[in-house]
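Student: Return atomic coordinates for the entry below.
(chains A and B)
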Amino acid sequence: MSDAEGPTRRALLVGSAGAALVAALAGCSDPAPPPVPPPPDPDDALRESAAARERELLLAYDAALLADPGLAPRLSPLRAHHEEHLAALVGPSPTPSAGPSFAALPTVVPGGSPVTLAAAERAAATRHAADAVSARDRDLAALLASLSASEQSHPVALT
Amino acid sequence: MSAPLLAALLSAEHAAVYGYGVLGARLDDATRRAALTAYDSHRARRDQLVELLRAAGEAPAPPAAGYDVATPTRESALALAVRLEEGLSLRWRDLVAGTDDRALRTLAVGGLQETAVRAATWRLLEGRPTTTVALPGTG
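Tutor: Residues are numbered from 1 along each chain as shown, chains lettered A, B, ... in the order given. Prediction:
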């Protein structure tokens, strides 16, 4: 068994020496510690989740409009508000939306009737309101509060 | 300090309490019930603001001696209701943007939601084609 021990010990010694060499070289080639990235701004996450809620509502409106184009006079002004909400959160979209599009729709779209849209609006309003309270930036808080109030009022026009 | 914002809100709530007291007379029964509910809500908000100002060591201002609210018709009564709610929306949003206090923020977001919903309800009764706005409280 001593035959087997020799190469193993040598391999270990060479291996650790090699590792030390690599560590020393790494130390030489990179004298400065890597820059510490700034901590993520919690408001960015709030802004992004609010934008995600607006995109979901836009898809729900598109689904409802595709299912019943006759709803357009009632739904289009409300859908336009969500476009405005999304633009206020993330900036204007580069290509203005041309309205409902099959390509943009996921396989299963929640909603589809004014009643389910009203429920989705209220749920989004509740989430926006909670985030308006949590936001550090006061302008973001005020924006989220307005979004929340708008969506809380949309069911007036839906039901 | 949010006391000036709370004082501005109280002033607007005083006007709303007065206004709803006047405009209800021009409405039919069903609509008047909605106006009465709004009246009660504004009285509750007024009392809440009085308490908050007192707790902050401020003297809450009383209502003005009179308000210039002429509502001879149903249309003018509904238009006044919309104006009162829109004015309050502006001030609730100002409070959201003017405080880091979570309790005050919560109060203000709730106030903005309520006034936006009532404004939409009155616009619907006015027969306006568009009853809601994208950004309540921004004028």
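Student: what's the distance between stretch B:60-67 and the middle of its chain?
Tutor: 15 Å (CA atoms, centre = their mean, to the nearest Å).
Student: Got phi/psi on B:Ala70?
Tutor: The phi/psi pair for B:Ala70 (degrees, to the nearest 10) reads phi -90, psi 120.
Student: How about it, nearest residue that isn't a chain neighbour?
Tutor: B:Ser76 (6.8 Å; CB to CB, 6 or more residues apart in numbering or on different chains). The way it works is simple: take the backbone N, C-alpha and C, and place the C-beta from them, glycine included.
Student: For the helix or strand containing that neighbour, give the mean pLDDT please.
Tutor: With secondary structure defined by DSSP states H and E, B:Ser76 is part of helix B:74-96. Helix B:74-96 carries an average pLDDT of 97.
Student: List the buried residues of it.
Tutor: B:77-96 (16 or more other CB atoms under 10 Å in any protein chain shown).
Student: Stretch A:82-95 now?
Tutor: Buried-residue list, stretch A:82-95, by 16+ other CB under 10 Å: A:His82, A:Glu83, A:Glu84, A:His85, A:Leu86, A:Ala88, A:Leu89.
Student: ok, now stretch B:4-23?
Tutor: In stretch B:4-23, counting by 16+ other CB under 10 Å, buried: B:5-21, B:23.
Student: And for stretch A:47-63?
Tutor: Buried, per 16+ other CB under 10 Å, within stretch A:47-63: A:47, A:50-51, A:53-54, A:56-63.
Student: How about the contacts made by the closest residue to B:Thr73 other than its chain neighbours?
Tutor: Nearest residue to B:Thr73, sequence neighbours excluded (CB to CB, 6+ apart): B:Arg26, at 6.3 Å. Taking CB atoms under 8 Å, 6 or more residues apart in numbering or on different chains, we find B:Arg26 in contact with B:Thr71, B:Pro72, B:Thr73, B:Arg74, B:Ser76, B:Ala77.
Student: go again using 10 Å as the cut-off
Tutor: B:Arg26 sits next to B:Arg32, B:Ala35, B:Thr71, B:Pro72, B:Thr73, B:Arg74, B:Glu75, B:Ser76, B:Ala77, B:Leu78, B:Leu80 when contact means CB atoms under 10 Å, 6 or more residues apart in numbering or on different chains.
Student: what does A:Leu71 give?
Tutor: Contacts of A:Leu71 by CB under 10 Å, 6+ apart are A:Tyr61, A:Ala64, A:Leu65, A:Ser113, A:Pro114, A:Leu117, A:Leu158.
Student: any idea which helix is longest in chain B?
Tutor: Criterion DSSP state H: the longest helix present in chain B is helix B:29-55.
Student: what's that one packed up against?
Tutor: helix B:3-23, helix B:74-96, helix B:102-126 (3 or more CB pairs under 10 Å, 6 or more residues apart in numbering or on different chains; DSSP states H and E).
Student: For A:Ala72, find the nearest of these.
Tutor: Minimum separation from A:Ala72 across the helices and strands packed on helix B:29-55 (CB to CB) falls at helix B:102-126, 18.3 Å.
Student: related to what we said a few turns ago, quick check: buried residues in the longest helix of chain B?
Tutor: B:31-32, B:34-35, B:38-39, B:41-42, B:45-46, B:48-50, B:52-53.
Student: still on that earlier bit, out of the helices and strands packed on helix B:29-55, flag the one nearest B:Leu135.
Tutor: The closest of the helices and strands packed on helix B:29-55 to B:Leu135 is helix B:74-96. By CB to CB, the value is 8.7 Å.
Student: what pLDDT does residue 24 get?
Tutor: This is for chain A. 48.
Student: could you do chain B instead?
Tutor: Taking B:Gly24 on its own, its pLDDT is 90.
Student: Any idea how many residues pack against it?
Tutor: 19 (other CB atoms under 10 Å in any protein chain shown).
Student: I figured it hits B:Asp40, correct?
Tutor: No: look at B:Gly24 against B:Asp40 with CB atoms under 10 Å: they stay out of range, at 11.4 Å.
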